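Peer 1: what follows is a predicted protein model with its sequence.
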Amino acid sequence: MIKILNAETFKEKVFNYEENKEWNYKGNKPCVIDFYADWCAPCKTLVPTLEELAEEYDGKVDIFKIDTEKEQELSRIFGIQSIPTLLFVPVEGMPQMAKGALPKDAFVKAFKDVFNIEAPVS
């Protein structure tokens, strides 16, 4: 299931940027954060892919969305200048950013390369 984050839930589930200067991920499994806006056509094309991934990687990867129109502070903190922008957050190590509506195979590759999680067997 895809979860929408606001500044408060982001600080609880991902990173409390008010208390920490150094990156310190709070989650217990890797996550992808989709910075989007409702009016953005490429963002809308990404929704079915993210829904498929949320189902296929359930329990292995969390998928979050942040509305850049409502959460301008989070957008500013991460330097979001174009959408969609995706943040791949491993449990340990630094997050990696990708821009644009990626195809599903790019997510599967990133999950393997960044998160060390193999694609589920169909």
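Peer 2: In hand now; what should we look at? Numbering: from 1, shown residues only.
Peer 1: which helix or strand contains residue 45?
Peer 2: Element membership for residue 45 (DSSP states H and E) is helix 41-56.
Peer 1: pairing partners for the next helix or strand after that helix, with directions?
Peer 2: For helix 41-56, the succeeding helix or strand toward the C-terminus, using DSSP H and E, is strand 62-67. According to DSSP bridges, strand 62-67 has the following sheet partners: strand 2-4 (parallel), strand 31-36 (parallel).
Peer 1: most packed of these?
Peer 2: Scoring these by mean neighbour count under mean count of other C-beta atoms under 10 Å gives strand 31-36 as the most buried, with a mean of 24. Backbone N, C-alpha and C define where each C-beta goes, glycine included.
Peer 1: how near is the most centrally placed residue in the chain to residue 121?
Peer 2: For the chain, the residue nearest the mean C-alpha position is residue 33 (1.4 Å; C-alpha atoms, centre = their mean). Distance check for residue 33 against residue 121: by C-beta to C-beta, to the nearest Å, it reads 26 Å.
Peer 1: with adjacent residues omitted, what lies nearest to residue 24?
Peer 2: Computed as C-beta to C-beta, 6 or more residues apart in numbering, the closest residue to residue 24 that is not its neighbour in sequence is residue 15, at 6.4 Å.
Peer 1: and for residue 46?
Peer 2: residue 101 is the one closest to residue 46 (C-beta to C-beta, 6+ apart), at 4.6 Å.
Peer 1: state the number of residues packed around residue 72.
Peer 2: Close neighbours of residue 72, defined as other C-beta atoms under 10 Å, add up to 12.
Peer 1: phi, psi of it?
Peer 2: Torsion angles at residue 72 (phi, psi; degrees, to the nearest 10) stand at phi -70, psi -30.
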